[in-house]
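Participant: need coordinates for the below:
(one chain, ligands or ions: 1)
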Amino acid sequence: MRMVSTAVVLLGALVVASAAAAADLELGKKIYGQKCASCHGPDGKGNAKMAQMLKVQIPDLAVAASKSDAELLKSVSEGKKPMPSFGKTLSKDELDAVVHYAKGLATGQSK
Ligand code: HEC
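Facilitator: Predicted coordinates:
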């Protein structure tokens, strides 16, 4: 009997954990759409019109795939000219989520 209830608890924890991961991705996707896609494009390959307007190269986010989460988090929260800083406008959770999502785009994991 005891084994069964332990199993139920473990299963419950697993469901909660994967729901949290899914929510994270949803949050990241939402923020990406609102704050990042205008420059980086919906697929992370860069918005050519915006690049022309700003007279800059917007790198394909694929280049970000080789960097650590901490490095990317730093670029996004502090900004990297001409990219604005998002450290003040987004919460820590939102930053984490959006960096995660951007990295997923870079590696082809989030669609
Ligand atoms: C105004 C246009 C603009 C917006 C908005 C913008 N970016 Fe950027 N982003 C850039 C440009 C330009 C670069 C290249 C900067 C450089 O390397 O000089 C860049 C670089 C990056 C990099 C690579 C950083 C690195 O360390 O190499 C990541 C990751 C990134 N952006 C994610 C995001 C995310 C996530 C958002 C939304 C929260 C966002 N960007 C919003 C223009 C923008």
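
Participant: so where's this protein uncertain?
Facilitator: Applying pLDDT under 70 to the chain picks out residues 1, 109-111.

Participant: give the next helix or strand downstream of the helix or strand hosting S5.
Facilitator: Assigning secondary structure by DSSP states H and E places S5 in helix 2-31. Proceeding C-terminally, helix 2-31 gives way to helix 37-40 as the next helix or strand, assigned by DSSP H and E.

Participant: next, the buried residues of that next one.
Facilitator: By neighbour count, with 16 or more other Cβ atoms under 10 Å as the criterion, the buried positions of helix 37-40 are 37, 39-40. Any C-beta I mention is one placed from the backbone N, CA and C, and that applies to glycine too.

Participant: next one: stretch 99-111
Facilitator: Under the neighbour-count criterion of 16+ other Cβ under 10 Å, stretch 99-111 has 99-106, 110 buried.

Participant: got it, and stretch 9-22?
Facilitator: Buried residues in stretch 9-22 (16+ other Cβ under 10 Å): none.

Participant: the buried residues of stretch 99-111 in helices, which ones?
Facilitator: Residues from the buried residues of stretch 99-111 lying in helices, with DSSP state H as the criterion: 99-106.

Participant: so which of those reach the ligand?
Facilitator: 99, 102 (Cβ under 6 Å from any ligand atom).

Participant: nearest to the ligand, out of the ones in helices among the buried residues of stretch 99-111: which one, please.
Facilitator: Proximity of those to the ligand (Cβ to the nearest ligand atom) peaks at A102, which lies at 4.2 Å.
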